[in-house]
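Undergrad: here is a sequence together with a model predicted from it:
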Amino acid sequence: MASRLLGRASARLAAPEVTPTTRAAASQPRQQLAGWSCHCSTRQFLGLRAASVAAQSPAPGAAPATSPDPPLGLVDLLSTGARLTSAAQAAWAQVLRPGDTAVDATVGNGHDTLFLAQAVGPTGHVIGTDIQEAAISATRERLESHLAAEVRPRLSLHTACHSRLQELAGSGRARVVAFNLGYLPGAADKRVITNTSTTVEAVEAALEVVMPGGLITILCYVGHPGGMEEYEAVRALTSDLSPSYWVSSETRLLNRPTAPILLLLWRRDDLLPARIRK
Ligand SMILES: C[S@@+](CC[C@H](N)C(=O)[O-])C[C@H]1O[C@@H](n2cnc3c(N)ncnc32)[C@H](O)[C@@H]1O
């Protein structure tokens with residue numbers, strides 16, 4: 001299910017401008033770029049996407065490409081250990097376009113926010129939220145240290161619960177809303193954690209905030225107290241969405257029962273206006 005969803009998203013990519021950087025990425029061998037690998041960096045995922053785009057749109061005077069890189073598939077995920085944080089990032093990279101709005105509903109240490117910021121670029125907008133002031137500061141610092149001011153998107157960071165997502169997003173619509181549930185990695189106090197009731201409210205809000213043709217990803221951790229209950233509540237909500245308007249999928253590792261589980265929701269754009277519930 002997830003691979004079909006990603007394939008469709010990939011086919012709908014608008015071609016961003018091909019820059020010298022993306023051309024350089026296109027000339028790298030595929031094995032350096034491919035993968036859901038846990039070693040894969042943001043650049044590698046974006047590089048792969050850029051390589052595909054460059055292959056479809058050769059520079060004037062350049063020899064036409066024989067065939068574009070195949071899209072990342074399920075075997076890429078499985079053969080590299082199935083790190084689902086990377087799978088979520090790869091899905092964002094496949095749908096996001098320069099100038100988009102993306103929402104990080106749990107910014108934490110800012111790794112995901114940085115990825116989203118690079119994907120939407122300087123004309124885009126990233127809205128991020130976390131209940132911990134330390135997370136907001138860490139995220140701001142990460143973006144400022146990794147992205148020069150001229151390539152940074154507009155950044156709206158809020159110390160707030162993600163159940164307020166609709167209010168925080170305002171009237172804009174996001175192409176990606178990302179949730180990475182649980183506690184702040186490395187935090188001294190691991191009791192500050194997402195909880196079932198506000199997470200369900202936040203996902204309900206995300207259903208309203210994401211645009212047709214957009215994606216909501218929810219990475220659920222079931223290995224800590226309360227995590228399984230939270231996952232089951234979100235799963236029940238997402239299982240109840242009308243298939244006429246949503247494609248709702250789940251990726252999990254059956255032989256690692258405490259590993260995170262990735263829920264991926266695609267808001268269909270072939271029927272408007274969207275009626276969200278059955
Ligand atoms: C697993 S971490 C996120 C990791 C992050 N995406 C990154 O790239 O570093 C989960 C975060 O959710 C935050 N959180 C917990 N409850 C929240 C809530 N109700 N609203 C928003 N964020 C919340 C925690 O403070 C924590 O920073």
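TA: That came through fine.
Undergrad: and the residue of this structure closest to the ligand?
TA: Closest contact between the chain and the ligand, by CB to the nearest ligand atom, is at Gly108 (2.5 Å). Yep, even glycine has a C-beta here, placed from its N, CA and C like the rest.
Undergrad: burial of that residue, as a residue count?
TA: Using other CB atoms under 10 Å, Gly108 has 23 neighbouring residues.
Undergrad: same check on Leu157?
TA: 21.
Undergrad: do the host helix or strand of it and the ligand meet?
TA: Here Leu157, judged by DSSP states H and E, is contained in strand 154-159. No. Applying CB under 6 Å from any ligand atom, one finds strand 154-159 separated from the ligand by no less than 8.9 Å.
Undergrad: which residue ranges of the protein form strands?
TA: Using DSSP state E, the strands assigned to the chain run over residues 101-104, 125-130, 154-159, 174-180, 210-220, 246-251, 261-267.
Undergrad: ok, which of those strands comes nearest Ala187?
TA: Closest approach to Ala187 among the strands of the chain is made by strand 125-130 (11.1 Å; CB to CB).
Undergrad: for the ligand, what are the nearby residues on this structure?
TA: Neighbours of the ligand within the chain, by CB under 6 Å from any ligand atom: 106-112, 129-132, 135, 161-162, 180, 182-184, 192-194, 198.
Undergrad: could you say what helices and strands the strand holding Leu157 packs with?
TA: strand 125-130, helix 133-146 (3 or more CB pairs under 8 Å, 6 or more residues apart in numbering; DSSP states H and E).
Undergrad: if you set the cut-off to 10 Å instead, what comes out?
TA: strand 101-104, helix 111-120, strand 125-130, helix 133-146, helix 165-169 (3 or more CB pairs under 10 Å, 6 or more residues apart in numbering; DSSP states H and E).
Undergrad: give me whichever of the ones you listed is most buried.
TA: Across the helices and strands packed on strand 154-159, the average number of neighbours (mean count of other CB atoms under 10 Å) peaks for strand 101-104, which reaches a mean of 28.
Undergrad: what pairs with that one, parallel or antiparallel?
TA: For strand 101-104, the pairing partners within the sheet under DSSP bridges are strand 125-130 (parallel), strand 174-180 (parallel).
Undergrad: convert the C-alpha atoms of that strand to PDB, please.
TA: The C-alpha trace of strand 101-104 is given here as PDB (Å, rounded to 0.1, in the frame of the first residue of the first chain):
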ATOM      1  CA  THR A 101       4.000  25.000   3.300                       C
ATOM      2  CA  ALA A 102       4.900  22.100   5.500                       C
ATOM      3  CA  VAL A 103       4.000  21.500   9.200                       C
ATOM      4  CA  ASP A 104       6.200  19.700  11.700                       C
END
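Undergrad: what about it, average pLDDT?
TA: On average, the pLDDT along strand 101-104 is 98.
Undergrad: now do the contacts for the residue lying closest to Leu181 once chain neighbours are set aside.
TA: Using CB to CB, 6 or more residues apart in numbering and skipping residues adjacent in sequence, the residue nearest Leu181 is Thr194, 4.4 Å away. For Thr194, the contact set (CB atoms under 10 Å, 6 or more residues apart in numbering) comprises 105-106, 131, 161-162, 179-183, 202, 220-221, 226-227, 230, 234.
Undergrad: right, I'll leave it there.
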